[in-house]
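1. pasted the sequence and its predicted model underneath.
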Amino acid sequence: MRKKQRLKILLKILISLFIIFGAAAILLAGIRKTRIEARQKQEAMEALKNVPTAAPTASVTPSPSPTPSPTATPTPVPTVVAAFDPNDFWDYWYSTDGTATINVYDISLDKISFSFYQTDRNQSQSVTADVTAEVAGNAARFYFNDSEGNRAAGNIIFDKGQLYVRIATGDPVSSV
């Protein structure tokens, strides 16, 4: 009888240890996944910061030149697999500080159209813009003038259901 009680106690201890080690393994796997996702997000943000931006150039009136004769060029056959699923990016997207909103209302593998809204922290001034840009792979570069006449340029990266946006103005802005 005494051996039976000892075996029951030993079995309870072994089951408890198994549960504790299983919970620890699951917790460590979750922490590792979170760190990997944070590192990938940081790499994407660094890539956005390192993308060169093209400054707009003044329009130049071309001098007359001979008209080139058109030549036939073959139509390229697309061989690239889609880099992202456009259906993942419809709807409203908000900045982390809550001052900017993007409403993606038209998106495909070729172009994106969205409305941009930004306000200052006191919500006393705001600007809006309607933007359309061509998509290349999983990114798009865009330029726009907002409702106050400010010029801005930016990049969008589509990454596994996450939308990363970087917008910069070239001159001092008149609002926001």
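-> Arrived safely, thanks for sending. Bear in mind that the values here come from a model prediction, so they are computed numbers and not experimental data. Residues are numbered from 1 along each chain as shown.
2. which strand of the chain spans the most residues?
-> strand 126-136 (DSSP state E).
3. so what touches that one?
-> Here strand 126-136 makes contact (CB atoms under 8 Å, 6 or more residues apart in numbering) with 106-120, 140-142, 144-148, 150, 152, 156, 158, 175-176. Quick note: C-beta positions are derived from backbone N, CA and C, even for glycine.
4. buried subset of those residues?
-> 107, 109, 112, 114, 116-119, 140-142, 144, 146, 150, 152, 156, 158, 176 (16 or more other CB atoms under 10 Å).
5. among the residues you listed, which ones are in strands?
-> Those of those lying in strands (DSSP E): 107, 112, 114, 116-119, 140-142, 144, 152, 156, 158.
6. ranges for the strands of this structure?
-> Using DSSP E, strands in the chain cover 91-94, 100-107, 111-119, 126-136, 139-145, 151-159, 162-169.
7. closest to residue 10 out of these?
-> Among these, strand 162-169 comes nearest to residue 10, with 49.5 Å by CB to CB.
8. which secondary structure elements does the closest one contact?
-> helix 2-50, strand 100-107, strand 151-159 (3 or more CB pairs under 8 Å, 6 or more residues apart in numbering; DSSP states H and E).
9. make TSV out of those and add mean pLDDT.
-> Putting those into TSV (pLDDT from 0 to 100) gives the following:
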stretch	mean pLDDT
helix 2-50	90
strand 100-107	93
strand 151-159	91
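10. just name the most buried of the ones you listed.
-> strand 151-159 (a mean of 19; mean count of other CB atoms under 10 Å).
11. isn't residue 103 up against residue 92?
-> Yes: contact between residue 103 and residue 92 holds when scored by CB atoms under 8 Å: they sit 5.2 Å apart.
12. any idea what sits nearest residue 101, other than its immediate chain neighbours?
-> residue 117 (4.6 Å; CB to CB, 6 or more residues apart in numbering).
13. again with residue 118
-> In space, residue 118 is closest to residue 100, 4.5 Å off (CB to CB, 6+ apart).
14. I figured that neighbour hits residue 94, correct?
-> Yes: assessed by CB under 8 Å, residue 100 is found in contact with residue 94 at 7.3 Å.
15. list of residues touching stretch 93-109?
-> 82-84, 86, 89-92, 112-121, 132, 135, 163, 165, 167.
16. now do the end-to-end distance for it.
-> 19 Å (CA to CA, to the nearest Å).
17. what angle do the longest strand of the chain and strand 100-107 make?
-> Orientation check (axes from the mean of the first three to the mean of the last three CA atoms, to 10 degrees): strand 126-136 against strand 100-107 gives 40 degrees.
18. mind checking pLDDT for residue 63?
-> Here the pLDDT value assigned to residue 63 is 58.
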